[in-house]
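Q: Sequence plus predicted model, see below.
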Amino acid sequence: MSGVERVLLCGTGPASVQLAVTLKIHLGCHVGIAGRVSVRSASFFASFEQSQQQVQVAIQNEKHRPLAGDCTVDQVYRGYNTLEGEWDTLILAVTTDAYIDVLQQIDDQFMKQLKCIILVSPTVGSSLLVSEYMLERNATPEIISFSTYLGDTRWMHEQPSNVVITTGVKRRVYIGSTAPSSAYVQQLSELFERLHILLAVMSSPLEAETRNISLYVHPPLFMNDFSLGAIFGEQGVQKYVYKLYPEGPITPALIRSMRTQWEEIQQITDRLHIQGVNLLKFMTDDNYPVRLESLSREDIEQFDQLQAIHQEFLLYIRYASLLIDPFSEPDAAGTYFDFSAVPFRRIFINREGEFDVPRMPKEDYYRIKIIQGIARHVSVDCPTIDHFIATYEAKLQEVTRTYPDQRLSTAFVIQSFQQDIRMICNRFEG
């Protein structure tokens, strides 16, 4: 049959372990895992060796039972330059900004055998970037983008190893392919049905890539003075991502910037002939619902037709309604689960002994710079996006000046990502 058969996962994070087990158990695939050689990946590879390449997935919630299990990985590669053998499918389970870096380390002849490349958590334009890279090497595999990874998976014992736990699973994930009537998409749709996740098929990978909630909420939540102060350690008291000011960053002004950024992205997707999202409906139906007493169905459905001030009111109500989990069972004192108490992670010393920036907002910096580049290309003004980037870059420069003698990771470098933007925009012309 055509479809996922011999699949190579690139990346040594928890998602690769979850995907390896899922593909092995539910599709009977021949599975390999590859990763770069680094201080971080050393313990991952060591645990693989000790377990004779066996990996295991535990679950936090019994309803996610189809995602649990264990399997033996057929092949492990230390370093992308060591890849060999016959593989039909490559899955990029690395951070979005690392796609080209990984592909550049893989031998061109090896790449030409691939029938399909799957992007697990891309950003807007990632499929075009990978398509352009492959085309430059005279290769034209099918490119498939998911909107986002299927859930929340982390190391069981905090350190990278062969055991992970999946603590949350998405209600709905979007997928798009460069191939019409794709056998891969059909097979993946059947797989997601078994996992009890709705897989919505879009007309293209680019359209699926616009269905990631992080694009719409992370820049306003993380790229502001309050949040950056918490992340870069200037506030002694713990602050929380999803709480209202002063416990967290959420104010009417932040909500306004969230709405205006959504409008800017809508203008970009309009220029690209992609159906935009109703932001409130996307938040409530695809991510975290609230009670109808807080937000009516009519308000949710008609959100994108309402006046700006009404939209901001509803978005503020949405975040206020999720300060507690509205569907949790209260304890004897009437206290509900403190749903919004997600602490900001602070800058830290990484395994290379450098100061480093947490994944959020480090990953979001790449995402929003790519969107800014696409906006420039399609002649869309994006003052809100520009402001988020300027605020974040100013903080990076300030921290660099504050720690002149401290080794800093590349996350502190102001970047243009111009090459990636150029490759993406080349595909718009093609």
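A: Cool, got the structure.
Q: Phi, psi for Thr153 please.
A: Backbone torsions of Thr153, given as degrees, to the nearest 10, read phi -120, psi 140.
Q: Could you report the neighbour count for it?
A: Neighbourhood size, Thr153 [other C-beta atoms under 10 Å]: 24. (Each C-beta comes from the backbone N, C-alpha and C, glycine too.)
Q: need the contact list for it.
A: Listed by C-beta atoms under 8 Å, 6 or more residues apart in numbering, the contact set of Thr153 reads Pro14, Ala15, Val17, Gln18, Val57, Val164, Ile165, Thr166, Thr167.
Q: And Phe226, by the same measure?
A: Contact partners of Phe226, counting by C-beta under 8 Å, 6+ apart, are Lys239, Tyr245, Gly248, Pro249.
Q: For the contacts of Thr153, give me TSV that also has pLDDT, secondary structure and distance to Arg318.
A: Below are the contacts of Thr153 laid out as TSV (pLDDT from 0 to 100; DSSP: H, G, I helix; E, B strand; the rest coil; distance: C-beta to C-beta, whole Å):
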residue	pLDDT	secondary structure	distance to Arg318
Pro14	97	helix	29
Ala15	98	helix	28
Val17	98	helix	33
Gln18	98	helix	29
Val57	98	strand	32
Val164	97	strand	31
Ile165	96	strand	29
Thr166	96	strand	26
Thr167	93	strand	23
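Q: Reformat the residues you listed into TSV and put neighbour count and distance to Gln397 next to each item.
A: TSV is the format used below for these (neighbours: other C-beta atoms under 10 Å; distance: C-beta to C-beta, whole Å):
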residue	neighbour count	distance to Gln397
Pro14	23	32
Ala15	23	32
Val17	31	37
Gln18	25	37
Val57	24	41
Val164	24	36
Ile165	18	38
Thr166	24	38
Thr167	14	36
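Q: What is the most widely separated pair among those?
A: Spanning the widest gap among the contacts of Thr153 are Val17 and Thr167, at 13.8 Å by C-beta to C-beta.
Q: Check this protein and tell me which residue is nearest its centre.
A: In the chain, the centroid-proximal residue (C-alpha atoms, centre = their mean) is Ser121; its distance is 4.4 Å.
Q: Grab the nearest non-local neighbour of it.
A: Distance criterion C-beta to C-beta, 6 or more residues apart in numbering; nearest residue to Ser121, sequence neighbours excluded, is Tyr149 at 4.7 Å.
Q: And Thr95, by the same measure?
A: Nearest to Thr95 is Glu363, by C-beta to C-beta, 6+ apart, at 5.6 Å.
Q: Check what pLDDT the one you found gets.
A: Looking at Glu363, its pLDDT is 95.
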